[in-house]
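Participant: dropping the sequence and predicted coords here.
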Amino acid sequence: MRARLELVTRLGETIGDARDLVELFRTLHAETSRVMDATVFLLSMYDAASETVHVVRQIDRGEEHEGGSFPLGKGFTSEVIRTGMPKLVRRWATEGPPIRLLYGTESGELVTPQSAAIVPIISKGQVVGVISTQSYAPQAYDDTDIATLGAIASHAATAIKHMRATEQMALAYRRHALELEAVLANMSDALVIVDARGAIVRLNREARELLGLDGASLVLGQPFDAQRLEHLPKSAREIAAALLPIVDSVRAGASVDERDVELTIGQHRVLSVSATVLGAAGAEPQGGVIVFRDVTSQRELERLREDVFAMAWHDMHTPITVIRGHAALLLARVKHGRLDKKSFVNAAELIVKHSDRLADLLTALFDIRCLQAGMLKLSRWPTDLGLLAAELVEGLNATSRHKLVVDASDGVIGEWDERRIRQVLTNLLSNAAKYSSEGSTISVSVRADSDHATVSVRDEGIGMEADEIAQVFRRGYRANRALNVRGGGLGLYLAHGLVSAHGGRMWAESPGHDRGSTFSFALPIGTREGETGTA
Ligand code: ADP
């Protein structure tokens with residue numbers, strides 16, 4: 001009795017160590033065999049949903065065998081499962097159904113146990129399994145054995161409950177991890193998770209791309225510090241360096257709310273970075289999650305909107321004032337019958353002129369918007385560039401205070417959007433006139449080789465230095481010397497965009513201040529296969 005009590009106590013202490021059912025089976029067998037005949041020992045689990053008994057393992061005369069499954073049937077095990085009551089079989093031959101044990105066949109003889117003690121393992125009122133000890137001797141067990149086995153089974157129930165909880169937790173954790181993995185992989189933002197030391201423990205595909213990392217060049221778990229970044233590509237190093245203060249900040253327990261970080265090495269880029277500290281409130285920070293993305297084009301667009309708004313305000317202000325002033329004047333004169341024809345024509349002309357300016361400005365703003373959004377539609381049509389240039393120059397010559405000359409090769413024809421090319425050329429011609437003195441010459445040349453048509457507009461005006469040439473196509477750029485002439489710095493930006501939309505390029509040349517400028521653009525001749533005409 002003492003041995004049995006000791007066993008049950010010991011079992012209570014050790015059984016929790018079993019990590020799986022096989023370990024549990026072995027512990028149970030080892031302990032049971034110390035206090036009773038356990039020549040044959042089985043541990044079975046019962047799955048109520050499928051009414052199936054799964055034998056975890058079985059031991060016969062010291063030899064362990066694989067388990068197996070069988071549907072709930074008529075045997076003693078099934079009976080114990082159904083009733084939830086232990087079963088004592090004193091003399092199998094007379095009390096039980098005939099059984100033949102497979103594992104007996106190895107030694108050549110077919111043996112059958114003569115007695116058995118079978119107890120249910122009950123958890124939360126349900127039979128979850130069965131422990132069965134059997135002996136080849138009849139009457140090997142009595143009620144005390146049933147009681148002892150019952151105590152063992154209750155410990156087994158606790159262990160199984162514990163195991164299932166752990167298993168479920170592991171499963172839930174795995175599912176969680178898989179979900180997280182999927183989220184990270186599909187995120188369009190770059191994400192880096194760092195631990196308390198500031199070492200990268202995880203980063204997603206976007207982060208890898210932005211940091212220019214392939215699998216080999218980053219060892220996870222290393223502190224994210226300047227020294228280790230040296231082997232990164234230059235642009236990636238700049239991003240990594242920009243992230244360093246963020247890493248320091250989360251290590252110190254401070255989250256970072258959407259901060260723009262400007263990158264200036266190479267091309268200008270803007271990253272938006274946020275970081276959240278990991279760890280319970282008030283506890284030591286466990287590291288952090290840093291999320292960042294390239295917002296360069298977004299910021300560009302925002303800036304464009306602001307610029308356009310400012311420009312629209314500035315440039316529309318004058319024509320609107322003029323239109324309103326002259327309209328009000330006309331109205332007052334009509335009311336008082338003091339309107340002569342000359343002043344009427346004068347005011348009306350000004351109103352028309354400034355309305356046109358307003359309309360042009362609105363069109364330019366709209367075009368820029370379309371260009372930026374990639375929505376500019378080109379209507380390509382066979383266009384003769386020489387004719388177009390001649391026609392424009394002829395039109396201007398009538399009113400211009402400059403001498404305009406055209407030198408165009410014959411038949412420079414391609415499929416271009418005539419209206420857009422006219423807009424580009426008009427802009428170059430009006431700039432040439434704006435930035436050169438009256439009476440000077442503006443020459444236009446149109447040439448073609450086998451695959452490009454090139455148009456150049458040369459003036460004898462204020463010219464440009466190299467640093468001005470470098471910026472002349474930037475949106476809103478105006479050289480200092482141009483500031484006394486009216487303009488918004490949008491024309492060349494738009495012209496450049498229109499030429500690019502045709503697959504062409506545009507450039508500027510000048511020997512320096514006061515030595516004239518040449519603006520040229522080249523267009524590919526013919527449409528390329530598959531081109532849609534949408535830029
Ligand atoms: P805007 O003429 O309205 O200022 P543009 O985009 O057409 O806008 O031109 C941008 C700037 O480029 C001008 O402000 C001027 O500084 C320079 N520029 C353009 N055309 C010429 C030219 N023919 N000669 C010298 N400078 C020019």
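Facilitator: Arrived safely, thanks for sending. Numbers count the residues shown, from 1 in each chain.

Participant: can you pull the contacts of Arg91?
Facilitator: Counting by Cβ atoms under 8 Å, 6 or more residues apart in numbering, Arg91 touches 114-115, 138-139. Heads up, the C-betas are built off the backbone N, CA and C, glycines and all.

Participant: those residues: which two are farthest apart?
Facilitator: The most widely separated members of these, counting by Cβ to Cβ, are Gln114 and Gln139 (7.9 Å).

Participant: more neighbours: the two, which one.
Facilitator: Neighbours were counted for Gln114 and for Gln139 using other Cβ atoms under 10 Å; Gln114 has more, 19 against 12.

Participant: Val291 belongs to a strand?
Facilitator: Yes - counting by DSSP: H, G, I helix; E, B strand; the rest coil, Val291 is part of a strand.

Participant: wait, it sits on Ala275?
Facilitator: Yes - judged on Cβ atoms under 8 Å, Val291 makes contact with Ala275 at a distance of 7.3 Å.

Participant: hmm, stretch 350-367 in reach of the ligand?
Facilitator: No - applying Cβ under 6 Å from any ligand atom, one finds stretch 350-367 out of contact with the ligand, separated by at least 9.6 Å.

Participant: buried residues in that stretch?
Facilitator: By neighbour count on 16 or more other Cβ atoms under 10 Å, the buried set for stretch 350-367 is 350-351, 354, 357-358, 361, 364-365, 367.

Participant: closest one to the ligand out of those, please.
Facilitator: If you rank the buried residues of stretch 350-367 by distance to the ligand using Cβ to the nearest ligand atom, Ala364 comes first, at 9.6 Å.

Participant: hang on, Ser44 packs against Val128?
Facilitator: No - applying Cβ under 8 Å, one finds Ser44 not in contact with Val128, separated by 9.9 Å.

Participant: so between the two, which is more surrounded?
Facilitator: Taking other Cβ under 10 Å, Ser44 and Val128 do not tie; Ser44 has more neighbours (27 against 21).

Participant: in the protein, which helix or strand is least confident?
Facilitator: Using mean pLDDT, DSSP states H and E, helix 92-95 stands out as the lowest-scoring helix or strand of the chain, at a mean of 76.

Participant: in the stretch 1-150 of the chain, what spans have low per-residue confidence?
Facilitator: By pLDDT under 70, the weakly predicted segments of the stretch 1-150 of the chain are 96-111.

Participant: biggest helix in this protein, by residue count?
Facilitator: Criterion DSSP state H: the longest helix present in the chain is helix 143-186.

Participant: before we move on, back to that, what helices or strands is the next helix or strand along the chain from the least confident helix or strand of the chain leaning on?
Facilitator: With elements assigned by DSSP states H and E, the helix or strand that comes after helix 92-95 is strand 115-123. If you count contacts as 3 or more Cβ pairs under 8 Å, 6 or more residues apart in numbering; DSSP states H and E, strand 115-123 packs onto helix 76-83, strand 87-89, strand 126-135, helix 143-186.

Participant: contacts for strand 115-123, please.
Facilitator: The contact list for strand 115-123 (Cβ under 8 Å, 6+ apart) reads 36, 76-77, 80-81, 84-92, 96, 127-135, 137-141, 145-146, 149-150, 152-154, 156-157, 160-161.

Participant: which of those are buried?
Facilitator: 36, 76-77, 80-81, 86-89, 92, 96, 127-135, 140-141, 145-146, 149-150, 152-154, 156-157, 160.

Participant: return only those of those residues found close to the ligand.
Facilitator: By Cβ under 6 Å from any ligand atom, no member of the buried ones among the contacts of strand 115-123 lies near the ligand.

Participant: using the three-state scheme, assign the residue in the stretch 351-500 of the chain that the ligand sits nearest to.
Facilitator: Residue nearest to the ligand within the stretch 351-500 of the chain (Cβ to the nearest ligand atom): Gly487, separated by 2.4 Å. Classification of Gly487 by three-state DSSP places it in coil.

Participant: Ala433 is in contact with that one, correct?
Facilitator: No - under the criterion of Cβ under 8 Å, Gly487 is not in contact with Ala433, lying 11.9 Å apart.

Participant: which of the two has more neighbours?
Facilitator: Neighbour count, other Cβ under 10 Å: between Gly487 and Ala433, Ala433 has more, with 20 against 15.

Participant: what's next to the least confident helix or strand of the chain, contact-wise?
Facilitator: Identification of contacts with helix 92-95 by Cβ under 8 Å, 6+ apart yields 89, 99, 112-116, 138.

Participant: apply 10 Å and report the result again.
Facilitator: Helix 92-95 has contacts (Cβ atoms under 10 Å, 6 or more residues apart in numbering) with 76, 87-89, 98-99, 112-116, 134-136, 138.

Participant: re earlier: in TSV: the contacts of Arg91, plus distance to Leu428.
Facilitator: Formatted as TSV, the contacts of Arg91 follow (distance: Cβ to Cβ, whole Å):
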residue	distance to Leu428
Gln114	111
Ser115	110
Pro138	115
Gln139	115
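
Participant: which of those residues sits closest to Thr166?
Facilitator: Of all those, Thr166 sits closest to Ser115, with 36.1 Å by Cβ to Cβ.

Participant: what is the closest one paired to in the beta sheet?
Facilitator: Beta-bridge partners for Ser115, by DSSP bridges, are Ser135.

Participant: same question for Ile290.
Facilitator: Here Ile290, judged by DSSP bridges, has bridge partners Val192, Ala275.

Participant: swap in Trp381?
Facilitator: Trp416.
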